[in-house]
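> below is the sequence, then the predicted model.
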Amino acid sequence: MCEEDVSAVLAVECAAYEFPWTEGIFNDCLRVGYCCWVGEADGAIVAYGIMSVAVGECHIFNLCVHPAWQGCGLGRRMLRHLLSVALKRKADTAFLEVRVSNASARSLYASEGFCEIGTRRSYYPAHKGREDATVLARELRGLETASAGLI
């Protein structure tokens, strides 16, 4: 992802989420050097992933696929790519938060080896107040041999 991609990424974000990140948040992610990737289909940006990698851990902040492209495997491919990048940067554990109500994302993460390790109360905005997030984690050790061809 680069600065020129932000408007297309923001369009995906707004199509997918009722409470989207702002353009400023995406620009800040680029400015501070987070790992920011886009996924394209038919010549357009239809997915993205953003994570930080530091002190042996990665934290996936946002992984999103445009609703018109969900269910095609792009989220899984982006997740695997992010984990591959994290592994190359010497991370041994991956963390993320997901809305309690996001069953499809929770299913994806579980199928990729993430386990629930906690709850962040009132983490996300919701129409009637706030919604909890489930905190997920996954060890990355062994990933390089178990999944040599991640994507």
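Perfect, thanks for sending it.

> the longest helix in this structure is where?
The longest helix of the chain (DSSP state H) is helix 74-88.

> tell me which residues in that one are buried?
Of the residues in helix 74-88, 74-87 count as buried by neighbour count, 16 or more other CB atoms under 10 Å. For glycine as for every other residue, the C-beta is placed from the backbone atoms N, C-alpha and C.

> go ahead and confirm Leu108 touches Gly75.
Yes - the pair Leu108 / Gly75 is scored as a contact, 5.7 Å apart, by CB atoms under 8 Å.

> for whichever strand or helix holds Glu13, packing partners?
If you go by DSSP states H and E, Glu13 is part of helix 6-16. Helices and strands touching helix 6-16, by 3 or more CB pairs under 8 Å, 6 or more residues apart in numbering; DSSP states H and E, are helix 23-31, strand 44-54, strand 57-65.

> that one to strand 44-54, inter-axis angle?
100 degrees (axes from the mean of the first three to the mean of the last three CA atoms, to 10 degrees).

> list the buried residues in helix 6-16.
Val6, Ala8, Val9, Leu10, Val12, Glu13, Ala16.

> so what pairs up with the nearest residue to the second one once chain neighbours are set aside in the strands?
On the basis of CB to CB, 6 or more residues apart in numbering, the spatially nearest residue to Ala8 that is not a chain neighbour turns out to be Ile45, at 4.1 Å. Beta-bridge partners of Ile45, counted by DSSP bridges, are Glu40.

> what of the one 5 residues further on?
Beta-bridge pairing of Ile50, defined through DSSP bridges, involves Cys36, Asn62.

> what is the mean pLDDT for the longest helix of the chain?
For helix 74-88, mean pLDDT rounds to 97.

> ok now do the residue nearest to Cys14 when sequence neighbours are not counted, which residues does it touch?
Excluding the flanking residues, the one nearest Cys14 by CB to CB, 6+ apart is Pro20, at 4.8 Å. Applying CB atoms under 8 Å, 6 or more residues apart in numbering, we find Pro20 in contact with Leu10, Glu13, Cys14.

> ok, 10 Å please
Applying CB atoms under 10 Å, 6 or more residues apart in numbering to Pro20 gives the contacts Leu10, Ala11, Val12, Glu13, Cys14, Phe26, Asn62, Cys64.

> ok, now Thr119?
By CB under 10 Å, 6+ apart, the contact set of Thr119 is Glu97, Val100, Asp132, Ala133, Thr134, Val135.
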